[in-house]
Structures are given as structure tokens and as C-alpha cells.
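Engineer: the sequence and its predicted three-dimensional model are supplied below.
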Amino acid sequence: MSIVEHTPSNRSFLERPIIAAWAINWEMALYAAIFLIAIATRFYDLGLRVMSHDESLHAFFAYKLYNGEGYIHDPRLHGPLQFFLAALSFLLFGANDFTARIPAALFGVALVVLPYWFKPWLGRIGALITSLGLLISPSLLFYQRYIRNDALILVFTAIMSLSLFEYMRTRRVSWLYVGAAATGLSLATKEVALIHGFIGLVFIGAAFLWEQLPFRRLKTVIFLLAGIIGLLLIGALWLAVVNSPDWARNLALMAGLFAGALTIVRNVNRHDKPVSNTLLSFKDSDVLTGPVALVMIIFVMLYTTFLTNLAGLRSGTYGAVTHWLGQQSVARGGQPGYYYLMLMALYEFFPFLVGSIGGAIYLVKKAPAHNITPSGSYTNRPSVPTKKKRPTPKFSDSYPSDGGTFAAYLIFWAIGSFVIYSWAGEKMPWLNVHIALPFIFLTGYVSQSMLNRPLFQQKNGLQWRPILYVGLLGVLTALTIRFAWLSSFVNYDYVNELLVYAHGAPDVKQVLHKVDNLSRHTVGDQQLDIAYGGIAWPLVWYMRQYPNAVYFGDKPTAERLDVPVILFAPNSNLSDVSVEDIEPFLGDRYTRFDYHLVWWPLETYKEQTLSQLWHAYVQPDTGGTETLRRNWELLWQYIFYRNTPGYSFEKWPNRTPLYLFVRNDLVSGL
């Protein structure tokens, strides 16, 4: 597919030299503003939040690596990359909550500006909207201020997508090496890299097949897929009505997979066959040898801690796969099949709404292509045969890479992520970012389609569709910013946010502040003798600063507890030791203070059925209109204000208590 040259008579408004230069200057100014805001939002008060259970584990083992104690890969803590990055951050800036989260924040900033390089497929406006969406996404912002692997792997996933289409567009081998580096680092970050790789490989394989499909059979395949989707959705609805939610979920997810296949059939560029031609470029060539070797080198070096732990090769391959497949039946979190549907609706409603509607439209109407040349002007690339002789391309994007294929990829990526993560046994709020990412890119793509048109046409006058879309975009952007601000800068430590899960309560830092003051005024900075037991995390991370702190676990003794300060958090899942078992060793020599250590959000949604929802919000059994009004008011209070009437933080049901015992002669020092 070649580029149709523009003559002065058919140039669009933005392609005129002066206007184009003005637009590019404003474009760069907007990217600069987004970049600066990304830095501010990712780094502001980064150390204020209390470490969650998992964060403290990641930070502590990175600290041991920084402290010269080495690192041995453990599949339970995912890949090694974040430990090396956090250790490097500790080396450069010291070890604390803020510096532990610096790598995640840096990757968060990088992800926000990455859409700039997707302009050949997203278009200029689409890329800007995508950057804006990544900037204000509540779940992305929350977990980019959090020491977890997910903030890192988001960037690698996006770069793998970029390298695929850049190589498709330019055939530059350098992009294969970029993709290989991203793949190796992704595998060294978290096991979900296998999910993302699976989605990409299935797309490439399916796109190749549909490009080869004879035209006479295309309609048959489309009608067949549409029929299967319809039957599966009808079956899912019927099973939901008869209270078989698990089977209903499975059928709905299967319908999603077939919808992804239908998206590929409807939108891949069958005329120019970009995927097929790209695969043919590897024929009879050793072009992949270097990139594959790079993936292996990165994987081996990181998992073996630079060849000092060869057992990491087994734990990073067989060990990681078997461990996390084993967790499928454990289903940690016990979340329902609609968990991510709920999270997307509460936090990512902007991309979920626009992306879902756009994706549905592209199931019945072929998606437009947004190719732009390196000079910044849009190209006209026909997707059907033409008798007119095409001129020789003058730009580096001389190979077809879109014609609807990129839209098919985004929709398949979004559907595939939603389906696979919803099917997986373990469902956690931080995994929602992997669903949000493709939906945000898809929103940028749809926005380019809606806004890349003149506001005024000579025949039809003022065009209301782009104006209405801008209005909708403005309202949704403002609401998204509000919920991003609430979750990351207001409720960041509080479990009225569903993103706050297995998280250290604000009490932890309050207790540490009291203990710091007590130590400072009695024996010197952090020299106080402390005993702590029960649940270890996140206390292990914070107690590393106290050389005289001793962990007694679930084995309290009079000797171990003969210290000025004792911290105890009962672990009812692993031990029967309670606070009542501690107190006899202490007698009346200590004063007890009660706090929270770790807590979880309310999960009353797990108990809901379609019948219960119907009677709660549509047709109540009793109370009539008054009951409906009250139920809708309570729902609104949570959705918009994150209020939880009837539940106070002081008596929160889903929590682990933390008991602070201080010797009586030191209580006044608190």
C-alpha cells in the first residue's frame, strides 16, 4: 500500500505549512504539559502512604540486595527486575518508602508519554487523548505510586506493541531488538507477561489466517461468528436468571473471545496483508537470531542474579509457571467473575465506556485508519484495489501496517485482557491496570475518528458530532480526574477505596512516629529494644531501622517480651496465639493501645445475586418507593463520594488489629 501524494488543492486545513507548524508547536507544548503533570502526580508525597503487605515484601528483599545480602528468585514475589531497580534506587537515594516507589513512578511517567510514538496509527489527536487517559487513569495512577511489578510491565507491554507495528511499518531490524529487550524485561518482571504474549501471538496468527481467507468465504465466517456470539450471550443471560452465575460467566467470556475473533475478521487489512507480509520477511533469514538471543541473555542474567544463582533458571521457568497455575484453583481473593467489570465501571469508566462503544461499532463497521507520515500530515491509504497508478512512497513507512489492522489489534487486546483476567482464579485490584491499558489506547483511537474532521462544512454547516464528543470528553475527563485525586491523594490509605487491598492502615505510621519519639527521648535514635510478633508484614520493613528489634512470631515468652515496647498483630489464619496469650507475660507493667495493622475493603458485593439486585434497585419486596430511594442514595454515596454509611474506620470489619504495649514508666514519653 503506498501513499497518495497531496496536491495543494486537496490539502486539509491542518496540512497547510503555517497551520501545520502552529499545530505541531501546540502539540509539543501539550505533551510537555502532560509530561510535567505526570512527574508531579507520580512523585508528589510518594512516601506518605503506608506500605501494603506486598509492598513491604518487595521493598525489604530489595533492601537486602542493596545491603549486600544477595537476591534469590522466588516465584511468589514474581520477577527479579523490580528488586534490582529498587536496590539501585536505595543505592542512589537511600532506603525509605519514597525511594522504594521511585522505579514504579518513573515507569508511570514513561508510560504517559509513550503514545507520542504511536501517532502513525493513533493519529495526532488520538495519541494526545491516549496520553491524557494514561495520565488521569485512577487505577494506573494509584499503582504507579506503589512498589509493584505492574507499573513496570505496563511499559514493556506497550513497547512490545509499538515495536511490532513499527517493524511492520519500516522493516527496521532495530525495532526487533527493541521488542526483544521489552520481551526479556517483561518476562523478568511478572508472569502476566505470558498472558500478554499469548494475546499478541493469537492476534498475529488469527490476522494471518484472515488475510489468507478467500473473499467468498469471508461473509460465511462473519455470520457464523456472529451467530455463535448471539447464542452464547442468550445462554449466559438464561443461566444468570436461573442463578447459575459461574456458567453464565463462562459463556459470557467465551462470547467475548469470539467477539475478538470477529473484530479481527472485520478489520484486518486483507488487501495489503500487513501481517502476512511481515511474517514473510522472516523467511530464509537469520534476522530473528539476534533478538531471540537478546531475550535469552536478559532472562538468564536477571533470574540468575548475574550468574550467581543458577537455580533461578528453574524457578523462573518451571517453578514460576507451576506455582501460578497452582494458584488458579486457590483463587486468592475469592472475587466474583464480574470483579473487573465493577472496577472498570467505578474507576476506568471513561475508557471503558468510550472503548466499549467504539469497539462494538467496529464489529459492524470497519474501523478507519489514522496513518500519518513522519512529516505530520495524514495519508490516504486505500484499502481496496484501485486502477489508478500509485506513486512511489517518499517516506520511511513504505510498508503497510494498518488499514484497520491496528484497530483490530487494540480491540482484540482489550477483549482478550478482560476475558483472561476475568476467567483467572486470582483476581486482585492491581491487575485491573492490564485491562485499563488497552481500553485507554482504544479510547484514543476512537477519539481520533471522532475529532479528525472539520467543525464546519460548506454543504452541511456546523458539525455537531465532534462538538458533542468534545463536551462528553470534557465531562468524563473532569470526573476521572476527581476519582483519580480521591483514590491517590485523599483515600490512599483508606479502605473505602476498592483499590486499597491488604494495605497497611494509617495507624502503622502513627505508631511508628510514637515509637520513634519514645526512642529518641530515652535511648537515642532508633536504639530502643522492641519485640514484635504475629503478622510480620509490613512491620519487618519498618523494623529494619531498629537494630535492637526482635521478631518473636507466634512464640511469646517472658524473656522475649521483657522489653520497653511490644508490637503484636494476631495472625488467626496461621496461629491460635491471641493478644490474651500475650498479656499474662506482661502483667500490669504495660499499657495497651489498640490500632489497625492491615485492612481490606468491604466485599458485600460478593453476596449479591441478580435477584437481590433487582429487589434492591428496581422492585423492592417491602417499603416501596422509600426503600428504592434509600438504596439508590446509599449506592450514590459510595460511587460518587466513597462513603460507607453504617461502617466506621474505627470498627472496620475487615482488618487485622495491631496492639502496642508500652512499659508504664515510658508511657508519658509517648
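Structural biologist: That came through, no problem.
Engineer: what pLDDT is listed against the closest residue to residue 335 other than its chain neighbours?
Structural biologist: The spatial neighbour of residue 335 that comes closest, neighbours along the chain excluded (Cβ to Cβ, 6 or more residues apart in numbering), is residue 427 at 3.8 Å. Just so you know, the C-beta spots here come from the backbone N, C-alpha and C atoms, and that holds for glycine as well. Residue 427 is assigned a predicted lDDT (pLDDT) of 92.
Engineer: I'd like to know how many residues surround residue 427.
Structural biologist: If you count neighbours by other Cβ atoms under 10 Å, residue 427 ends up with 21.
Engineer: mind listing what it touches?
Structural biologist: Neighbouring residues of residue 427 by Cβ atoms under 8 Å, 6 or more residues apart in numbering: 331, 333, 335, 339-340, 421.
Engineer: quick one: the strands in the chain?
Structural biologist: Counting by DSSP state E, the chain has strands at residues 456-457, 461-462, 503-504, 530-534, 549-553, 565-569, 590-599, 655-663.
Engineer: nearest to residue 644, of these?
Structural biologist: Nearest of the strands of the chain to residue 644, taken as Cβ to Cβ: strand 590-599 at 12.4 Å.
Engineer: what packs against that closest one?
Structural biologist: In terms of contacts (3 or more Cβ pairs under 8 Å, 6 or more residues apart in numbering; DSSP states H and E), strand 590-599 is packed against strand 503-504, helix 507-522, strand 565-569, strand 655-663.
Engineer: just these: most buried one?
Structural biologist: Comparing those by mean neighbour count (mean count of other Cβ atoms under 10 Å), strand 503-504 ranks first with a mean of 26.
Engineer: chain center to that strand: distance?
Structural biologist: In terms of Cα atoms, centre = their mean, to the nearest Å, the centre of strand 503-504 is set 19 Å apart from its chain centre.
Engineer: in its sheet, what does it sit against?
Structural biologist: Strand 503-504 sits in its sheet next to strand 590-599 (antiparallel), going by DSSP bridges.
Engineer: by mean pLDDT, point me to the weakest helix or strand of the protein.
Structural biologist: Taking mean pLDDT, DSSP states H and E as the measure, strand 456-457 is the helix or strand of the chain with the lowest mean score, a mean of 55.
Engineer: so which residue is dead centre in this structure?
Structural biologist: What sits nearest the mean C-alpha location of the chain, by Cα atoms, centre = their mean, is residue 433, with 1.6 Å.
Engineer: now do the same contact list for that one.
Structural biologist: Residue 433 sits next to 137, 139-140, 143, 150-151, 154 when contact means Cβ under 8 Å, 6+ apart.
Engineer: and the residues you listed, which is closest to residue 324?
Structural biologist: residue 150 (14.5 Å).
Engineer: enumerate every residue touching that closest one.
Structural biologist: Counting by Cβ under 8 Å, 6+ apart, residue 150 touches 143, 190, 192, 430-431, 433-434.
Engineer: switch to 7 Å and redo it
Structural biologist: 143, 190, 430, 433 (Cβ atoms under 7 Å, 6 or more residues apart in numbering).
Engineer: what do you get for residue 556?
Structural biologist: When contacts are counted by Cβ under 7 Å, 6+ apart, residue 556 touches 533, 577, 581-582, 585.
Engineer: what about burial for those residues, which qualify?
Structural biologist: Neighbour-count burial (16 or more other Cβ atoms under 10 Å) applied to the contacts of residue 556 gives 533, 577, 582, 585.
Engineer: quick one: which of the residues you listed is nearest residue 25?
Structural biologist: Ranked by distance to residue 25 (Cβ to Cβ), the buried ones among the contacts of residue 556 are led by residue 533 at 61.9 Å.
Engineer: isn't the closest one right up against residue 557?
Structural biologist: No - checked against Cβ atoms under 7 Å, the pair residue 533 and residue 557 is beyond contact range at 10.5 Å.
Engineer: from the contacts of residue 433, pick the one nearest residue 639.
Structural biologist: Of all the contacts of residue 433, residue 639 sits closest to residue 139, with 15.6 Å by Cβ to Cβ.
Engineer: number of nearby residues for the closest residue to residue 27 other than its chain neighbours?
Structural biologist: Nearest residue to residue 27 in three dimensions, chain neighbours excluded: residue 124, at 6.2 Å (Cβ to Cβ, 6+ apart). Using other Cβ under 10 Å, residue 124 has 21 neighbouring residues.
Engineer: so how far is residue 476 from residue 124?
Structural biologist: In this view, residue 124 and residue 476 are 21 Å apart by Cβ to Cβ, to the nearest Å.
Engineer: kindly report the same for residue 73.
Structural biologist: Applying Cβ to Cβ, the value for residue 73 to residue 476 is 42 Å.
Engineer: what about residue 412, how many neighbours?
Structural biologist: Residue 412 has 26 neighbouring residues, counting by other Cβ under 10 Å.
Engineer: tell me who's in contact with the residue nearest to it when sequence neighbours are not counted.
Structural biologist: In space, and not counting its chain neighbours, residue 412 is closest to residue 260: 4.5 Å by Cβ to Cβ, 6+ apart. Residue 260 makes contact with 411-412, 415-416 under the criterion Cβ under 7 Å, 6+ apart.
Engineer: out of the residues you listed, which is most surrounded?
Structural biologist: Among the contacts of residue 260, the one with the most neighbours (other Cβ under 10 Å) is residue 411, at 30 neighbours.
Engineer: sketch out the low-pLDDT regions of the chain for me.
Structural biologist: Within the chain, the ranges that satisfy pLDDT under 70 run 1-24, 240-246, 371-397, 453-462, 573-575.
Engineer: how is the chain divided into domains?
Structural biologist: With domains defined by automatic domain parsing, the chain comprises 8-490, 505-602+647-669.
Engineer: and those domains, which is most packed in?
Structural biologist: Sort the domains of the chain by mean neighbour count, taking mean count of other Cβ under 10 Å, and domain 8-490 sits at the top with a mean of 19.
Engineer: now do that domain: distance to the chain's middle.
Structural biologist: From the chain centre to the centre of domain 8-490 is a distance of 9 Å (Cα atoms, centre = their mean).
Engineer: for residue 495, see how far away residue 615 is.
Structural biologist: 27 Å.
Engineer: same drill for the two, tell me which one is more crowded.
Structural biologist: Higher neighbour count among residue 615 and residue 495: residue 495, with 25 against 15, using other Cβ under 10 Å.
Engineer: touching, the more buried one and residue 596? I think so.
Structural biologist: No - assessed by Cβ under 7 Å, residue 495 is found out of contact with residue 596, at 9.5 Å.
Engineer: need the residues touching each of those two.
Structural biologist: In contact with both residue 495 and residue 596: residue 652, using Cβ under 7 Å, 6+ apart.
Engineer: and the gap between residue 489 and residue 509?
Structural biologist: Distance, residue 489 to residue 509, using Cβ to Cβ: 16 Å.
Engineer: neighbours of the residue nearest to residue 634 when sequence neighbours are not counted, how many?
Structural biologist: In space, residue 634 comes closest to residue 645 once its chain neighbours are excluded; the distance is 6.1 Å by Cβ to Cβ, 6+ apart. By other Cβ under 10 Å, 9 other residues sit near residue 645.
Engineer: circling back to that earlier point, which one of the contacts of residue 260 is nearest to residue 657?
Structural biologist: Using Cβ to Cβ, the contacts of residue 260 come closest to residue 657 at residue 416, 41.8 Å.
Engineer: tell me if I'm right that that closest one and residue 199 touch.
Structural biologist: Yes - Residue 416 lies in contact with residue 199 (Cβ under 7 Å); the separation is 4.1 Å.
Engineer: all helices of the stretch 1-150 of the chain, in order?
Structural biologist: 17-43, 53-66, 81-93, 97-100, 102-113, 119-136, 138-143, 150-170 (DSSP state H, counting those that start in this stretch).
Engineer: minimum distance to residue 541: which of those helices has it?
Structural biologist: Nearest of the helices of the stretch 1-150 of the chain to residue 541, taken as Cβ to Cβ: helix 53-66 at 3.8 Å.
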